[in-house]
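1. Sequence plus the predicted model coming up.
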Amino acid sequence: MKDKLFITKKKQELYSKLWARVNDESAPSEGQEVKAEEPKKEHEHMSQEEAIECSCKIIGALRSKQKDHNSEFNAKMQFARIKEAYRAGVISRSKDSEKTCNQWGMANVNAFLMKSDEPDFERADKDIEKYGVDIKFNNLEDLYLEEYSPINKVY
């Protein structure tokens, strides 16, 4: 049986409201209007809600890239390796780079899948647009893209 990767929009909204109430007592309750937030400054971290939403979008895009690649090349590329290529691309971005972390991650995924040594930012930009993941983040630790392994319990 396949694991579900995404939650429904309704559940996401519910979890977001619950998270807001847990973290901020002045958060809007059911039926109250939410005020528009000010744009984030370059050095600020994402909120929990933003991190979850962005992580889900990136994982969905990487899953789509995996599916497209596997069907085009009749190969079975593992998702964990694609996700690790994305993480490595983000980590390899220098602080003074004009490209975003997301661009570096996608460019590195494309280089990995095409077995190239050079990141292709033009193709990365096309993928970002194609998969709807125009996400700006400053730090990989803001997202939930780690590889988790089950804990082996000994009784």
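-> Right, received. Where do you want to start?
2. Would you map the helices across this structure?
-> Here the chain has its helices, by DSSP state H, at 9-23, 48-73, 79-92, 101-114, 121-130.
3. Which among those is found nearest to Leu140?
-> When the helices of the chain are compared by C-beta to C-beta, helix 79-92 sits nearest Leu140, at 4.8 Å. From N, CA and C alone the C-beta is placed, and that goes for glycine too.
4. What helices and strands are in contact with that closest one?
-> For helix 79-92, the helices and strands in contact under the criterion 3 or more C-beta pairs under 8 Å, 6 or more residues apart in numbering; DSSP states H and E are helix 48-73, helix 101-114.
5. among the ones you listed, which is the most enclosed?
-> helix 101-114 (a mean of 23; mean count of other C-beta atoms under 10 Å).
6. Mean confidence (pLDDT) on that one, please.
-> Average pLDDT, helix 101-114: 94.
7. Then stretch 13-30?
-> 62.
8. quick revisit: I'd like the helices of the chain as a markdown table, with distance to Leu145 appended.
-> A markdown table is the format used below for those (distance: least, C-beta to C-beta, whole Å):
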| stretch | distance to Leu145 |
| --- | --- |
| helix 9-23 | 18 |
| helix 48-73 | 6 |
| helix 79-92 | 6 |
| helix 101-114 | 9 |
| helix 121-130 | 16 |
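9. and of the ones you listed, who's closest to Glu146?
-> For the helices of the chain, proximity to Glu146 was assessed by C-beta to C-beta; helix 79-92 is nearest, at 8.2 Å.
10. For Ala75, which non-adjacent residue is spatially closest?
-> Spatial nearest neighbour of Ala75, excluding adjacent residues (C-beta to C-beta, 6 or more residues apart in numbering): His69 at 6.8 Å.
11. sorry, back to before: could you export the helices and strands packed on helix 79-92 as TSV, including distance to Arg87?
-> Output for those, formatted as TSV (distance: least, C-beta to C-beta, whole Å):
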stretch	distance to Arg87
helix 48-73	10
helix 101-114	7
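12. mind checking pLDDT for Pro39?
-> Value for Pro39, per-residue pLDDT: 39.
13. circling back: could you check how far the residue nearest to Ala75 is from Asn138?
-> With distances taken as C-beta to C-beta, to the nearest Å, His69 is found 28 Å from Asn138.
14. where does the protein have low pLDDT?
-> Under the criterion pLDDT under 70, the flagged ranges of the chain are 1-8, 10-11, 14-15, 18-45, 148-151, 153-155.
15. residue contacts, Trp104?
-> Gly89, Val90, Ser92, Arg93, Ser97, Pro119, Ala124 (C-beta atoms under 8 Å, 6 or more residues apart in numbering).
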